[in-house]
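[1] Kindly generate the corresponding structure for this input.
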Amino acid sequence: MFYIYDKKSAKLTVTELPESAWVTIGGVDEGSAAQLAARVAVLHRAVELRVQATATIPFALTRGGQDVETSSDWRGAGGLMTEPVRFLALWAESLLLYGAAYAVIAPNAYGVKKLVYCHPSTIRVQYTDAGQVAGFERRTVSPTGAARIETIPPEAMAWCWWTDASVEIGPSQHTPVTAALRAAGVRAGMQAFLDAYFQRGAVRSTLITVPTVTPEPERRRLQAWWDEFISGVRNAFRGRVFSADVKPVTIGDGMEALGQSALDTATRDEILAAMGVPASLVYANAANYATAQQDAKNLLLYAAIPDAERIAEALNATLFDRMGLHFEFRPESLEVMQQEEQDRSAALLNYVNAGILPSIAAQILGIELPPGMEYSALDPAPDTTPEQRPAPAPDERAVMELGQWERKALNAIARGKPALVSFDAVFLGEETTAAITRSLAGCATAEHVRAVFAGARDALAPAPRDEVTQLLEALR
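    Alright, predicted model coming up:
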């Protein structure tokens, strides 16, 4: 259903216009972010570089950790994103210019749902009393000027807002582009000055003085003569003949005041700093290949990848999560990032060779694992082969059994129970076992128990040899 708004009667009337008759309400004022980004070359190029870097990061659509589609084998996500790079570029640019990006989930002529980009100026967010998103209002207009107002529920809209701590919920008014607007406005003014300067034949602003008694018709004729013969580039080098009573007085600065000035450099640097784009990428003046590579990596690390993660998070939250899918970017597969991965692999190997577990080394280096994989999986499986140790001598085993039996008896005493506890001895022998059992039957305290087992240990100890025997063995 479509509506036509009658400004005089302030009424909406129903009409059946085709969808193609409606066009998006666009248009921005001369000082807006979009206009300055279109007119100021440095800002335009910075926006373009950042958007291209974001939209061309490899991506994938997964389900349960398994790839469903990847950017190298993209099949349209069931019709939702048939032109993913174009869609991602539109969203990346919209976020930079307007602080918000929207796409309505609308069926096409064949009933297949598709993400259709919406200009942020056509969208108005509707909120509940609790401050949550209740829906969206989209305004479009036909070529005849008829307005269309459409209410879109949250489940039929995908949206992303620029992160802004000053806004609790809703689109932000502060983006990298808006941070660059002051400098961009200065550069736009400089360009406007240069345009006007050449339009008047590269002549500085000039006052024409004439005697006060000069009649008004003569003054207008002189003005027309000046506009015809002085103004315009084609007259820049023509000679002029003046009456002695006509005196041109030059005011203001010329083009030399702007050429390579500190103002030109300052505004350029401010724009690029706000956009997070290295100057060498804009002007292609990197000192060497290594610098160019590092600058390209910096653009990805500090601008494009954060933008991409913001977009992926929004797409998942407003669309793919409820479909059981997950959209993600994979910047690590980019060629410019491969060297970093190689350096990280070498560092991991050094850590492991130094004796650090691979799971610990991977976390130190910030290595990200595939979904569902734990860092402990990187460690080698423990050796389950039992260690072959020499069996202790029989007397050592007997001593070990005495210690076990003694602890069991002491625990019984501590719990208020008799010291005579059951114990299956293997190496003590029947006589020793029977003697200890008889002795424990009469023990009432822990000291009595310790005395019994101390005597048993003495009985197991080898008999001491006399000094004569030891001397004879030493002389042999």
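
[2] got the domain boundaries for this structure?
    Per the record, the chain has its domains at 2-28+46-172, 338-389, 394-475, by automatic domain parsing.

[3] Let me know which of the ones you listed is the nearest to residue 315.
    When the domains of the chain are compared by C-beta to C-beta, domain 2-28+46-172 sits nearest residue 315, at 6.2 Å. For every residue, glycine as well, the C-beta is placed using N, CA and C.

[4] Would you pull up how far that closest one lies from the middle of the chain?
    Its chain's C-alpha centre and that of domain 2-28+46-172 lie 21 Å apart, by C-alpha atoms, centre = their mean, to the nearest Å.

[5] quick check: mean pLDDT across that domain?
    Averaged over domain 2-28+46-172, pLDDT sits at 81.

[6] And stretch 278-293, by the same measure?
    What stretch 278-293 shows for mean pLDDT is 83.

[7] just to revisit the earlier point, output the domains of the chain in CSV; the columns should cover mean neighbour count.
    Shown next, in CSV, are the domains of the chain (neighbours: other C-beta atoms under 10 Å):
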stretch, mean neighbour count
domain 2-28+46-172, 16
domain 338-389, 11
domain 394-475, 14
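
[8] Show me the one of those domains that comes nearest residue 324.
    domain 2-28+46-172 (6.0 Å).

[9] picking up where we left off before, nearest to residue 180 among the domains of the chain would be which one?
    Residue 180 sits nearest to domain 2-28+46-172 of all the domains of the chain, at 7.6 Å, using C-beta to C-beta.

[10] Determine the longest helix present in this structure.
    When the chain is parsed with DSSP state H, its longest helix is helix 394-414.

[11] Alpha carbons of the helix or strand that that helix is followed by, as PDB, please.
    Where DSSP states H and E defines the elements, the next helix or strand beyond helix 394-414 is helix 430-441. Written as PDB, here are the backbone C-alpha positions of helix 430-441 (Å, rounded to 0.1, in the frame of the first residue of the first chain):
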ATOM      1  CA  GLU A 430      52.700 -64.100  58.500                       C
ATOM      2  CA  GLU A 431      54.600 -63.900  61.700                       C
ATOM      3  CA  THR A 432      55.200 -60.200  61.600                       C
ATOM      4  CA  THR A 433      51.600 -59.600  60.600                       C
ATOM      5  CA  ALA A 434      50.300 -61.800  63.500                       C
ATOM      6  CA  ALA A 435      52.600 -60.000  66.000                       C
ATOM      7  CA  ILE A 436      51.400 -56.500  64.900                       C
ATOM      8  CA  THR A 437      47.800 -57.600  65.100                       C
ATOM      9  CA  ARG A 438      48.100 -58.900  68.600                       C
ATOM     10  CA  SER A 439      49.900 -55.700  69.700                       C
ATOM     11  CA  LEU A 440      47.300 -53.400  68.100                       C
ATOM     12  CA  ALA A 441      44.500 -55.100  70.000                       C
END
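
[12] Direction-wise, compare helix 430-441 with helix 394-414 and give the angle.
    With axes from the mean of the first three to the mean of the last three C-alpha atoms, to 10 degrees as the basis, helix 430-441 and helix 394-414 are set at 20 degrees to each other.

[13] In terms of secondary structure, what does the following helix or strand past helix 430-441 contact?
    Sequence order places helix 446-460 as the next helix or strand after helix 430-441, per DSSP H and E. With contacts taken as 3 or more C-beta pairs under 8 Å, 6 or more residues apart in numbering; DSSP states H and E, helix 446-460 sits against helix 394-414, helix 430-441.
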